[in-house]
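Novice: got a predicted structure plus its sequence, pasted below:
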Amino acid sequence: MNDVTAQVSAPDENTDAPAPGTSGRARRVILVALPVVLALAAVGGAAAYTKNAVDGADRSAATSLWKEPAHEPGKDPAGDVARGRASTELSKLLLPVPSGYRLGPDEGELGNDGERSGKSATAAMKQGAQGLAGKERRAYEKRIDKLRIEGISVRTYTDDDNTLMISTEITRMKDKKAVRNLYAFSTDLWQSIGIFRQEPKIEGHTKNARCYVLRKGSKDDDIASMNCFAYDGELSISVSAAGTKPFDRSAVAELLKDQLNHIASPGEYI
C-alpha cells in the first residue's frame, strides 16, 4: 500500500503511450492500484456500473440500449426534476440534462441523480480495504482519510435515441492537492495499462481533463465505451460512457466540456 501512496503523491509525468517493454510495469501498476480503483468504484460506481448496464442491455436491437422509463418523474419543489436536482451545492454543480438527453438509468443506491455525504462516501471507499492485511488496511484507510472527502454527487444521462449512456460523478475534497494527485494518478494508471489511447481532447480543458478509449483492435464488441477524468479546484470529476457502435466520442467530449464550463460559470450552460 505504500506503493499506492507513492503513485498518488508522485505520479509519472510521462503521458506518452507506453512502449511494449513496459507491460510488466503496467501489470504491477494494476495490481498495486486495484484496491484504490475498487474503492472509487464503490463510491459512485460509474465505470463499473456502465459495464454492468451495457453487459445486461438488450442487444437484440442495434439502435436501442435502454428502454423508456415505465413512469413519469414526479414534481420536485427544488425545480425541474427532469433536468436534475438543484437543491444542494453539489447537485447545482452537475450539468442539468441538456437538450437531446434525459436522466439515465440508476446507479445503485445513488439512483440516476443522487448524492452522498463525505462521511458516507469515505466509509464506502474504505470498504475497498477488505481482504488486505492489517498493516496495509490501516495504511489504505489513512490515505482515504487524508483525501478529506466532503461529498459526492452523481447524475446519469441517456440520449433520446437510446444509443448512448453517460454517467458524471463530482467529488468535493478539502485538499486541492489531493484532487490534483488523484487526477494524475488516475490518468497515469489508464495510460500505463497500454490498451487505451487518449482521445479526444476536451476543448478549452486540455490541461485538466483527459479521456480514454480502447485502442483499435483491442476488443471486438458491439458496445464501445469511454472514460474521462478532470478536476477543477477542490472538485474531482469523472465521466464514463457506453453506447452502440459507431460510438459518438464527440458527444461525450462535448458533454464533459459543458460540465466543466458549468462548474466555472453556473447558469450559463444549462
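Specialist: Cool, got the structure. The structure presented is a predicted model; accordingly, all values stated were derived computationally and were not measured. Numbers count the residues shown, from 1 in each chain.

Novice: low-scoring stretches of the stretch 151-270 of the chain, by residue?
Specialist: Within the stretch 151-270 of the chain, the segments meeting pLDDT under 70 span 217-221, 267-270.

Novice: mind redoing it with 80?
Specialist: When residues are selected by pLDDT under 80, those of the stretch 151-270 of the chain lie in 216-223, 266-270.

Novice: strands along that one, start to end?
Specialist: Using DSSP state E, counting those that start in this stretch, the strands of the stretch 151-270 of the chain run over 164-173, 196-198, 209-214, 223-232, 235-244.

Novice: neighbouring strands for the third one, and are they parallel or not?
Specialist: The pairing partners recorded for strand 209-214 under DSSP bridges are strand 196-198 (antiparallel), strand 223-232 (antiparallel).

Novice: which outside residues touch it?
Specialist: Outside of strand 209-214, the residues that reach it under the criterion CB atoms under 8 Å, 6 or more residues apart in numbering are 187, 190-191, 195-202, 224-231, 237, 239, 247, 249, 252-253, 256, 260. In this view, the C-beta of every residue, glycine as well, is placed from N, C-alpha and C.

Novice: of those residues, grab the buried ones for PyMOL.
Specialist: The following PyMOL selection, which keeps only the buried ones among these, applies the criterion 16 or more other CB atoms under 10 Å:
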select buried, resi 187+190+191+196+200+202+224+225+226+227+228+229+230+231+237+239+247+249+252+253+256+260
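
Novice: next, count neighbours for residue 86.
Specialist: Residues near residue 86, counting by other CB atoms under 10 Å, number 18.

Novice: cool, and residue 264?
Specialist: Applying the criterion other CB under 10 Å, we find 13 residues in the vicinity of residue 264.

Novice: for residue 248, grab phi and psi.
Specialist: The phi and psi torsions at residue 248 (degrees, to the nearest 10) take the values phi -90, psi 80.

Novice: what bridges to the closest residue in space to it that isn't next to it in sequence?
Specialist: In space, and not counting its chain neighbours, residue 248 is closest to residue 164: 6.2 Å by CB to CB, 6 or more residues apart in numbering. Listed beta-bridge partners, residue 164: residue 243 (assigned using DSSP bridges).

Novice: same question for residue 239.
Specialist: Applying DSSP bridges to residue 239 gives these bridge partners: residue 168, residue 228.

Novice: does it touch residue 255 like I think?
Specialist: Yes. Applying CB atoms under 8 Å as the test, residue 239 and residue 255 come out as touching, 7.3 Å apart.

Novice: what touches both of the two?
Specialist: Taking CB under 8 Å, 6+ apart as the contact definition, residue 239 and residue 255 share the neighbouring residues 166, 168.

Novice: burial measure for residue 215, as a count.
Specialist: Around residue 215 there are 13 other residues, counting by other CB under 10 Å.
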